[in-house]
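Give me a 3D structure for the following:
(2 chains)
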2 protein chains.
Amino acid sequence: MTQKASRIVLASRPAGNAELDNFRLDQVVMPKLKDGEFLARTIWLSLDPYMRGRMNDAKSYSAPVELGDTMEGGCVAEIINSNNKDYAIGDIVVARLGWATHGISNGVGVQKINPSIAPISTSVGILGMPGLTAWVALNDILKGKKGETIVVSAATGAVGGLVGQLAKLKGMRVIGVAGGPAKTKFAIEELGYDICIDHKSLDVKELRVRLSAASPDGIHCYFENVGGKTLEAILPLMNTFGRIAVCGMIAWYSPKGMENASPIPVAWGAILRQRLRVCGFIIFDHYDRMEEFHKEVAPLVSNGKIKYKETISEGLESAPQSFLNLLEGKNFGKQLVRIGHDPR
Amino acid sequence: MTQKASRIVLASRPAGNAELDNFRLDQVVMPKLKDGEFLARTIWLSLDPYMRGRMNDAKSYSAPVELGDTMEGGCVAEIINSNNKDYAIGDIVVARLGWATHGISNGVGVQKINPSIAPISTSVGILGMPGLTAWVALNDILKGKKGETIVVSAATGAVGGLVGQLAKLKGMRVIGVAGGPAKTKFAIEELGYDICIDHKSLDVKELRVRLSAASPDGIHCYFENVGGKTLEAILPLMNTFGRIAVCGMIAWYSPKGMENASPIPVAWGAILRQRLRVCGFIIFDHYDRMEEFHKEVAPLVSNGKIKYKETISEGLESAPQSFLNLLEGKNFGKQLVRIGHDPR
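Have a look, this model is predicted:
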């Protein structure tokens, strides 16, 4: 018996914003199953913002979808034929079958699920990749603590909705940002956010004023999933030693979003794609390390293994010009001003 | 006996770049020592880039210098009179006496130094605040490891010069960026850098090409002390899970530097000033946490303590439009496409 399937392929790459013309529905006949493969019918296809990146022919954290290929995506599916002893007809699995009614898999990366625990759609939602994202962000990346304030962007989204609820369960003050009154109402009444701000009619400054008023203790953690004006509004409000989990930046995924972009996306894109850990630090916070530093480095300076260079200007009155030189990089090594006689 | 002193005060705040007119030299008579105070003569004044920030009337990590006040700064000084039993005449100390020939202190924040260990000027240099900065950045912030590649900006500076040498001692590949052939030569021949690139005649793209060629294994760590084109050139070259210690951004401290600024300074300034920890993360790196996530969250979903919302569109052919809606934020909660019948 041959199995026909429908699928949606990438017909063209977006020139600017993604459009319907970039997709094409077609029909295929599924090939015969090889040894170790199974055939599954898709029940649920998950749509996620990361897919926008796969439509571009650009380096990101995974390869682009090729033109004419099925759009990628995670699915909940039921196995309807199997040449793989680990998977039986009727099994429900999570598999990356893509935007298609049917798919074939050899089982690699496939996860069998128990339909009695929760609705199977949750396997690609609250108990699947988006849920794990929320939980890892809050616990492993942000390390949110009781009593701290967290702002959650896309507050009712697949990921944000769980970040906010988990943060609330931890005893944090939880402030959401979402688009439109239906979402903000849901965030407060159903998800338990302390406050949820509708960003739709606010510009950066207005949004910042609202966020500031909602955060009497400042902002300790920010779950960043949007970029754009929300990020721009929050950055100055972040507390010292604040933590930001950069999970996405949907506002900047399309050229339209970049038209009025704040001057941030270049750095932010690198931080996200390369999973950078970027730490601002001010040495005055670290003076408890002075003793250990001296223990290690002072002998190296004494024995000449570590060298240093000084640029010396003479007399207090030379300080301003020397300082201007320093700002221009005209000094060489450590800039000092000799104010008095050093007999040693 | 009254002690006269010269000092340099902040005469006006810079309108744009700092200029000599912003400073004024004047004379004062030092007040009589109170109980617990000492009088010291400045031997060495340290000039550091952070002082530029103190000239502005803007929030940073410490308060601005008031107009008419002595410019702030760390000094090595000799005590010449004392009403404090912990400090004797002749003692050499590090104290924040400012840009002045003499200063009075009650001993708070003062550090006594032993002149027999090293030249006393090193107490505000390689063995003082700049040295500690380098050591903390490499060990505590960047956690640089043998075999990794580090780029050091301002490679021969008071801080960078030690970062590079300590990194070399650890067995890292060390690439410097500095301004002018004298500095790059010194970095390689004296400090032991593997390569040092002169940024002076290079634009962002050329600098990136040179850095890329110098880093066959990519860049694991970046000691960031400059901002500007060096940061812009390096960001795309950072390896996945790379670390950046944001210590300064001298290229952006003055309006002149901002004229051709890359679209980064807003975010970078917040990261630095607020000592933020900003982590890009991609959930696919964290799937080992799935089991623990399920253990904690699946029961909360089952018993309704955690809620979730789904937006469902019907049929494969609805996927493209639903996806475009998702990019516009028109979905509400998790976006799913029902491809097949879900009997449960």
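
For A:Ile104, grab phi and psi.
phi -120, psi 140 (degrees, to the nearest 10).

Confirm for me that it is in contact with A:Leu39.
Yes. Under the criterion of Cβ atoms under 8 Å, A:Ile104 makes contact with A:Leu39 at 5.5 Å. For every residue, glycine as well, the C-beta is placed using N, CA and C.

Common neighbours of those two, please.
A:30, A:33 (Cβ atoms under 8 Å, 6 or more residues apart in numbering or on different chains).

tell me, what residue is most central in chain A?
Chain A has A:Cys247 as the residue nearest its centroid, 1.0 Å off, counting by Cα atoms, centre = their mean.

correct me, but that residue touches A:Thr133?
Yes. Under the criterion of Cβ under 8 Å, A:Cys247 makes contact with A:Thr133 at 6.4 Å.

tell me the contacts of A:Pro31?
For A:Pro31, the contacting residues are A:Ile104, taking Cβ under 8 Å, 6+ apart as the criterion.

so which strand or helix has the nearest residue to A:Asp91 once chain neighbours are set aside?
Distances taken as Cβ to Cβ, 6 or more residues apart in numbering or on different chains put A:Ile79 closest to A:Asp91, at 4.6 Å, once the chain neighbours are dropped. Secondary structure assigned from DSSP states H and E places A:Ile79 in strand A:75-82.

Tell me which other helices or strands the following helix or strand past that strand touches.
Sequence-wise, the next helix or strand beyond strand A:75-82 is strand A:92-95, with elements assigned using DSSP H and E. Using 3 or more Cβ pairs under 8 Å, 6 or more residues apart in numbering or on different chains; DSSP states H and E as the contact criterion, the neighbours of strand A:92-95 among helices and strands are strand A:38-46, strand A:75-82, strand A:102-105, strand A:111-112.

residues of the second one that come out buried?
Neighbour counts using 16 or more other Cβ atoms under 10 Å in any protein chain shown place A:75-79, A:81-82 of strand A:75-82 among the buried residues.

Make CSV from those residues and add pLDDT to it.
Rendered in CSV, the data for the buried residues of strand A:75-82 read as follows (pLDDT from 0 to 100):
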residue, pLDDT
A:Cys75, 91
A:Val76, 91
A:Ala77, 93
A:Glu78, 94
A:Ile79, 95
A:Asn81, 95
A:Ser82, 96
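
and which of those is nearest to A:Val65?
Of all the buried residues of strand A:75-82, A:Cys75 has the smallest distance to A:Val65: 15.3 Å, by Cβ to Cβ.

Surely that closest one touches A:Leu45?
Yes. Under the contact definition of Cβ under 8 Å, A:Cys75 touches A:Leu45, with a separation of 5.2 Å.

Need the residues touching each of the two.
When contacts are counted by Cβ under 8 Å, 6+ apart, A:Cys75 and A:Leu45 have B:Ile339 as shared neighbours.

How about the longest helix belonging to chain A, which residues are buried there?
The residue-count maximum for a helix in chain A (DSSP state H) belongs to helix A:290-302. For helix A:290-302, a neighbour-count test (16+ other Cβ under 10 Å) marks A:290, A:293-294, A:297-298, A:300-301 as buried.

which strands and helices sit next to the following helix or strand past that helix?
Note on helix A:290-302: by DSSP H and E, the next helix or strand toward the C-terminus is strand A:310-314. Strand A:310-314 is packed against helix A:319-327, strand A:334-338, with contacts defined by 3+ Cβ pairs under 8 Å, 6+ apart.

Can I get the shortest one in PDB, CA atoms only?
Once non-C-alpha atoms are left out, strand A:334-338 reads as follows in PDB (Å, rounded to 0.1, in the frame of the first residue of the first chain):
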ATOM      1  CA  LYS A 334      50.300  52.400  32.600                       C
ATOM      2  CA  GLN A 335      49.900  56.200  32.700                       C
ATOM      3  CA  LEU A 336      51.400  57.800  35.800                       C
ATOM      4  CA  VAL A 337      52.000  61.400  36.900                       C
ATOM      5  CA  ARG A 338      55.100  62.000  39.000                       C
END
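
coming back round to it: mind checking which of the helices and strands packed on strand A:310-314 is nearest A:Asp69?
Taking Cβ to Cβ, helix A:319-327 is the member of these nearest to A:Asp69, at 53.5 Å.

Report all helices and strands that the closest one contacts.
Using 3+ Cβ pairs under 8 Å, 6+ apart as the contact criterion, the elements in contact with helix A:319-327 are strand A:310-314, strand A:334-338, helix B:50-54.

ok, back up a step: most tightly packed of the helices and strands packed on strand A:310-314?
Looking across the helices and strands packed on strand A:310-314 with neighbours counted as mean count of other Cβ atoms under 10 Å in any protein chain shown, the highest average goes to strand A:334-338: a mean of 24.

Run through who's touching that strand.
The contact list for strand A:334-338, computed with Cβ under 8 Å, 6+ apart, reads A:308-316, A:318-319, A:322-323, A:325-326, B:43-48, B:99, B:121, B:124-126, B:130, B:157-158.

Pull up the pairing partners for it, direction included.
Note on strand A:334-338: by DSSP bridges, its sheet partners are strand A:310-314 (parallel), strand B:38-46 (antiparallel).

residue boundaries of the helices in the stretch 101-250 of chain A?
For the stretch 101-250 of chain A, the helices identified by DSSP state H, counting those that start in this stretch occupy A:129-136, A:160-169, A:181-189, A:204-214, A:228-234, in order along the chain.
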